[in-house]
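In: structure here, sequence nowhere to be found:
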């Protein structure tokens with residue numbers, strides 16, 4: 001029964017995406033149905049383009065993908081506005097823990113990502129932890145470059161403080177650029193002399209905007225989603241084309257990581273950002289912190305979004321990590 005449901009979902013994904021999203025540079029024979037679905041989100045337009053038209057199409061593709069794969073049974077989502085910042089609580093309908101919360105920072109290269117897209121992993125985080133999950137729609141580049149996203153993350157953090165949560169009651173999670181944002185939020189809290197969250201959960205975090213890790217070369221032909229051209233385009237949109245990407249405010253890998261909370265990092269073997277995760281785990285450990293690195297074979301960038309067995313395993317591992325911390 002489970003296999004038939006997964007096969008049916010894969011066929012639905014293929015049918016809708018082939019109908020609505022023109023794919024570029026995709027050899028359908030090289031990728032399975034799930035991989036074609038996720039690749040379509042990133043190849044709906046010229047992935048190096050940050051024109052308003054192409055960004056709109058990319059964002060619409062993400063929203064379509066989210067509607068197809070977001071868990072719905074037993075999940076409730078409630079929209080709110082935090083001083084002009086669109087946000088959403090994603091909660092279990094029954095049996096959730098009201099004492100703790102997850103603050104989730106969505107990915108999308110800092111140029112894409114809305115609440116609907118964030119709802120995929122926000123729902124899965126609620127399911128695997130039993131906690132209410134707050135996601136927020138931070139401002140996007142290139143219209144809103146750095147540091148707008150950091151400011152919005154602080155706004156969401158301060159809202160949780162205002163609601164009566166203590167810093168130690170909160171897990172901060174993020175994927176891809178959202179992993180970058182989660183780390184930068186912790187570094188900003190450290191700079192301000194404030195208490196760190198209880199822990200970090202990072203899915204394929206983007207930690208090195210200089211792209212100096214070896215996986216940018218060794219995984220170039222393995223990665224079904226990301227390319228160096230895409231990295232260069234969204235990086236320039238976020239920081240400007242002439243930024244020093246080794247600065248810790250852009251690349252948390254090069255920051256003073258002392259005092260950051262215990263961290264779980266998950267990454268796939270087939271992604272160009274693999275080195276970003278491996279080097280972050282090493283840097284956290286060398287700084288005296290705790291970092292657990294989980295590398296999933298034959299997996300791609302933020303594979304946890306997909307309705308597949310390995311994603312379920314990864315989310316279960318994230319839930320166990322959070323429960324051990326709490």
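Out: Received the coordinates, thanks. As the structure is a computational prediction, the values presented were derived from the model and not from experiment.

In: which ones are touching residue 169?
Out: 99, 100, 101, 198 (Cβ atoms under 8 Å, 6 or more residues apart in numbering). For the C-beta atoms, the positions are set from N, CA and C on the backbone; glycine is no exception.

In: make TSV from these and add secondary structure, neighbour count and pLDDT to it.
Out: Below are those laid out as TSV (DSSP: H, G, I helix; E, B strand; the rest coil; neighbours: other Cβ atoms under 10 Å; pLDDT from 0 to 100):
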residue	secondary structure	neighbour count	pLDDT
99	strand	11	93
100	strand	20	96
101	strand	24	97
198	coil	18	98
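
In: where along the stretch 51-200 of the chain do the strands fall?
Out: 75-82, 85-92, 97-105, 131-136, 170-175, 199-203 (DSSP state E, counting those that start in this stretch).

In: which of the residues in the first one are classified as buried?
Out: Neighbour-count burial for strand 75-82, counted by 16 or more other Cβ atoms under 10 Å, picks out 75, 77, 82.

In: show me what contacts the last one?
Out: If a contact means Cβ under 8 Å, 6+ apart, then residue 82 has 136, 155, 156, 159 as its contacts.

In: please name the bridge partners of it.
Out: residue 85 (DSSP bridges).

In: find me the pLDDT at it, would you?
Out: Residue 82 carries a pLDDT value of 98.

In: do you know how far it is from residue 164?
Out: According to Cβ to Cβ, to the nearest Å, residue 82 stands 15 Å off from residue 164.

In: what's the answer for the second one, then?
Out: Note on residue 77: its distance to residue 164, by Cβ to Cβ, is 21 Å.

In: what of the first one?
Out: From residue 75 over to residue 164 the distance is 23 Å, taken as Cβ to Cβ.

In: of the contacts of residue 82, closest to residue 107?
Out: Using Cβ to Cβ, residue 136 comes nearest to residue 107 of those, at 13.2 Å.

In: tell me what the spatially most central residue of the chain is bridged to.
Out: For the chain, the residue whose C-alpha lies nearest the mean C-alpha position (Cα atoms, centre = their mean) is residue 175; its distance is 1.7 Å. Residue 175 has these beta-bridge partners by DSSP bridges: residue 203.
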